[in-house]
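Asker: no sequence for this one, just the structure:
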């Protein structure tokens, strides 16, 4: 097993492989700039489940898992453990989705950080020899999340400039012992950071501090700098949170703008598709990673990516009680080499 | 690292220690038969937070963590990673509780299986050398859970005979490399099992199948039998679920009644305290484990306990849509030797 590098960071000497990956998205995401990279694009956001948005998201997540298995030539029985979670109350999409598969299930809640959290845990299990093969998965759906966290979709409320559009998307990655790129070299689990933001329509502002903390910890613990990466990929700060993150590093005299990209800014044609500050939701970073990014790393077009999924640990109940929004970010170093 | 024993089960050659543990409960639990074993008993269910049941549960969880740290003579900085989750929407008690601590946070959702899920993951991290010390924690609160999952508490609705009383309780265990008992010898992560139960007041019935599946898998994968354990401790099937579990094993000609105990049947004076089918909630098995059981193992009064926390992955939204309740159970073998 790899060295333990200091608080929060784990180094993988053997660097497990991402053996396969799948992504599934809705029609709006299918009209975005990454359409060519997704394994499945639904014609309608219902995905064949006419009476329940939740069941639609379950279907979406199952499509991502099936795509990952199929592309890897894998059977359900090849997966020793599946790590999954989602945004919905009681993580129903993961529980109901995985109910139909014969796999030990480790349920997670990390809000939109779940893709990094699940991938990091899946990698620890493989690197340590506990498992031969693991899966990491998450999803989100515009209609389930908006109704639950903000307003009923049909209400048609005006969206604020800082608001992000919850992606209807899912991603799944299969991790296995070192074989071929992409490799997972190290991970950093984040602390709970609270910027004092109370606006449920400003997730980027709430999460920027968590991204800053985790990126800093990862770089310090691994004795690396921003220059060691082709891309520091946050997901999903959107335009507001991305701007804040860049500014926070500038205060330390560190220039990350040229290296930084954000999944929330990549999933849609942000202006044309009228998504205000960008995309959000667990499925945003999951589908960008399992659609575009892992493919680019496999092809060698990207060599070292620090994937930092950020989660606003937001609860409507706590917001109604006047509380601010705590956040967390987890980092995964994914490499061609 | 230990051998991988077959689907879902992980064996620990080095068997990490539970170095310390803490528990915190409310006044009703403090009137129960285990009162002498808890580190903290609140005089009132508000725990000093007069305006929010959620914040009361946050306070409860922090008390369990502080007790575990204090009894172990540990500082916050000794904990490399904390694994935690709870029942509430967006796991707020864990997120808001851990916000005040300087520890990398890995958020989980496993409903009432969370104590076993967190303990199992915390053990994998220690056994594999990824961490020197980890914490596993969960909580529940009668007033937060009942309002969220069933009816407003003040409504005073009649409780059905199969209903269980959500415990106001929290538990936290600190895992470290092998040093002194209790030791963690093996864990089994469960699959999602659905018995088709749709009654939110029959959690025991919904979860019995998951407990059966996981216990069977653990025994088969480790080539052990019921007789290898002093106690198979489910949490929290209550009287209804416990009866079903015993019957399911009887159909296989396996007699577990003499070995089986259930946290849901141990926390209250079940009849006198009017809790119908027993106790439930993440905090039930957490406080019974981190109050009574780990102490008994340390003293040598129990030698081998298979702790099988069960979770009903229940969502009010899905129940309203006519869905049944999927469940999961995770097992942790805790030993004196």
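Answerer: Okay, I see it. Quick caveat, the model's predicted, so the values are computed rather than measured.
Asker: C-alpha from now on. contacts and neighbour counts both.
Answerer: OK.
Asker: which elements pack onto the one helix or strand residue A:94 maps to?
Answerer: Here residue A:94 sits within helix A:92-98, counting by DSSP states H and E. For helix A:92-98, the elements it packs on are helix A:53-71, strand A:81-86, strand A:105-107, judged by 3 or more Cα pairs under 8 Å, 6 or more residues apart in numbering or on different chains; DSSP states H and E.
Asker: try it again at 10 Å.
Answerer: helix A:53-71, strand A:81-86, strand A:105-107, strand A:134-140, strand B:193-194, helix B:316-320, strand B:326-335 (3 or more Cα pairs under 10 Å, 6 or more residues apart in numbering or on different chains; DSSP states H and E).
Asker: looking at those, which is buried most?
Answerer: strand A:134-140 (a mean of 33; mean count of other Cα atoms under 10 Å in any protein chain shown).
Asker: stretch A:101-116: how far from the chain's middle?
Answerer: 11 Å (Cα atoms, centre = their mean, to the nearest Å).
Asker: and that stretch with chain B, contact?
Answerer: Yes - contact of stretch A:101-116 with chain B (Cα under 10 Å from any Cα of the partner chain) involves A:101-111, A:113-114.
Asker: export those as a markdown table, with columns for pLDDT.
Answerer: Converted to a markdown table, the residues of stretch A:101-116 next to chain B look like this (pLDDT from 0 to 100):
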| residue | pLDDT |
| --- | --- |
| A:101 | 96 |
| A:102 | 94 |
| A:103 | 96 |
| A:104 | 97 |
| A:105 | 98 |
| A:106 | 98 |
| A:107 | 98 |
| A:108 | 98 |
| A:109 | 98 |
| A:110 | 98 |
| A:111 | 97 |
| A:113 | 98 |
| A:114 | 98 |
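Asker: show me which of those are buried.
Answerer: Using 16 or more other Cα atoms under 10 Å in any protein chain shown as the burial test, those include A:101-111, A:113-114 as buried.
Asker: want to try JSON lines for those, with distance to residue B:259 as columns?
Answerer: JSON lines is the format used below for these (distance: Cα to Cα, whole Å):
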{"residue": "A:101", "distance to residue B:259": "31"}
{"residue": "A:102", "distance to residue B:259": "28"}
{"residue": "A:103", "distance to residue B:259": "28"}
{"residue": "A:104", "distance to residue B:259": "25"}
{"residue": "A:105", "distance to residue B:259": "27"}
{"residue": "A:106", "distance to residue B:259": "27"}
{"residue": "A:107", "distance to residue B:259": "29"}
{"residue": "A:108", "distance to residue B:259": "31"}
{"residue": "A:109", "distance to residue B:259": "34"}
{"residue": "A:110", "distance to residue B:259": "37"}
{"residue": "A:111", "distance to residue B:259": "40"}
{"residue": "A:113", "distance to residue B:259": "41"}
{"residue": "A:114", "distance to residue B:259": "38"}
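Asker: need the contact list for the spatially closest residue to residue A:191 that is not a sequence neighbour.
Answerer: Among residues not flanking residue A:191 along the chain, residue B:104 sits closest, at 4.2 Å (Cα to Cα, 6 or more residues apart in numbering or on different chains). Residue B:104 is in contact with A:7-9, A:188-192, A:214, A:328-330, B:79-83, B:98, B:134, counting by Cα atoms under 10 Å, 6 or more residues apart in numbering or on different chains.
Asker: average pLDDT across stretch A:29-43?
Answerer: Averaging pLDDT along stretch A:29-43 yields 98.
Asker: for stretch A:159-178, that is, sorry about that
Answerer: pLDDT averaged over stretch A:159-178 gives 96.
Asker: hmm, that stretch touching chain B?
Answerer: No - Stretch A:159-178 is not in contact with chain B by Cα under 10 Å from any Cα; minimum separation 14.1 Å.
Asker: how far does that stretch sit from its chain's centre?
Answerer: 5 Å.
Asker: what residues of that stretch count as buried?
Answerer: Buried, per 16+ other Cα under 10 Å, within stretch A:159-178: A:162-178.
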